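# Give me a model of this one.
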Amino acid sequence: MYSEKLVKLLIEKNLKISSCESCTGGLVSKKITEVSGASGIFEFGAVTYANEFKNLVAKVSEITLKNHGAVSSQCAFEMAKGIKEFSKSHIGISTTGIAGPSGGTKEKPVGLVFICVYSDKGYEIKENRFGENLSREEIRELSAEEILKIAVEHIERYY
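Okay, the predicted model is just below:
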């Protein structure tokens, strides 16, 4: 499980993390806070389904939401950067996508999820296409594990 490795790394490096989640609905925060010691490294978690709150809490620009949509790499980037700045954490992470089973389009199908890890050292954005045949819970689970994995890799690379 990447959550245990992430918490251990954050404790070792004396780093704080915050999350801004859409399609995972708090699952990433849950996975982190299930690990003993998380209270020392987890600053803030936001679940922002409505664009209004992506803008208010994470400072995702209205222009980004209008031009690219909430399910986009641009939105994921601004969510991660914004939550890091809002919470004054060292690292911000985000997930935004379409977990289904409804809501998908030809351009943005069910299973499309963007994740981002953002810190002062750099950032990683990843587009995932988990596929329309998976359940909502499977897409959410895969997304949560993927962001935790990318966060671990980011810390190992930059810290």
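# all contacts plus neighbour counts: C-alpha atoms, from now on.
Fine.
# all strands for the chain, in order.
With DSSP state E as the criterion, the chain has strands at 17-21, 42-47, 91-97, 112-119, 122-129.
# Need those in TSV (columns: distance to Glu145 and mean neighbour count).
Compiled in TSV, the strands of the chain are given as follows (distance: least, CA to CA, whole Å; neighbours: other CA atoms under 10 Å):
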stretch	distance to Glu145	mean neighbour count
strand 17-21	13	29
strand 42-47	16	20
strand 91-97	11	31
strand 112-119	11	27
strand 122-129	12	16
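# Is it possible to get those strands out as JSON lines so that each row also shows distance to Arg157?
Listed next are the strands of the chain as JSON lines, based on distance: least, CA to CA, whole Å:
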{"stretch": "strand 17-21", "distance to Arg157": "16"}
{"stretch": "strand 42-47", "distance to Arg157": "20"}
{"stretch": "strand 91-97", "distance to Arg157": "13"}
{"stretch": "strand 112-119", "distance to Arg157": "12"}
{"stretch": "strand 122-129", "distance to Arg157": "10"}
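# In TSV: those strands, plus distance to Lys66 and mean pLDDT.
Output for the strands of the chain, formatted as TSV (distance: least, CA to CA, whole Å; pLDDT from 0 to 100):
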stretch	distance to Lys66	mean pLDDT
strand 17-21	19	98
strand 42-47	20	98
strand 91-97	15	98
strand 112-119	17	98
strand 122-129	19	98
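# nearest to Ser72, of those strands?
Nearest of the strands of the chain to Ser72, taken as CA to CA: strand 112-119 at 6.3 Å.
# ok, now which ones touch the closest residue to Lys59 other than its chain neighbours?
Excluding its sequence neighbours, the residue lying closest to Lys59 (CA to CA, 6 or more residues apart in numbering) is Gly82, at 5.4 Å. Counting by CA atoms under 8 Å, 6 or more residues apart in numbering, Gly82 makes contact with Val57, Ala58, Lys59, Val60, Gly92.
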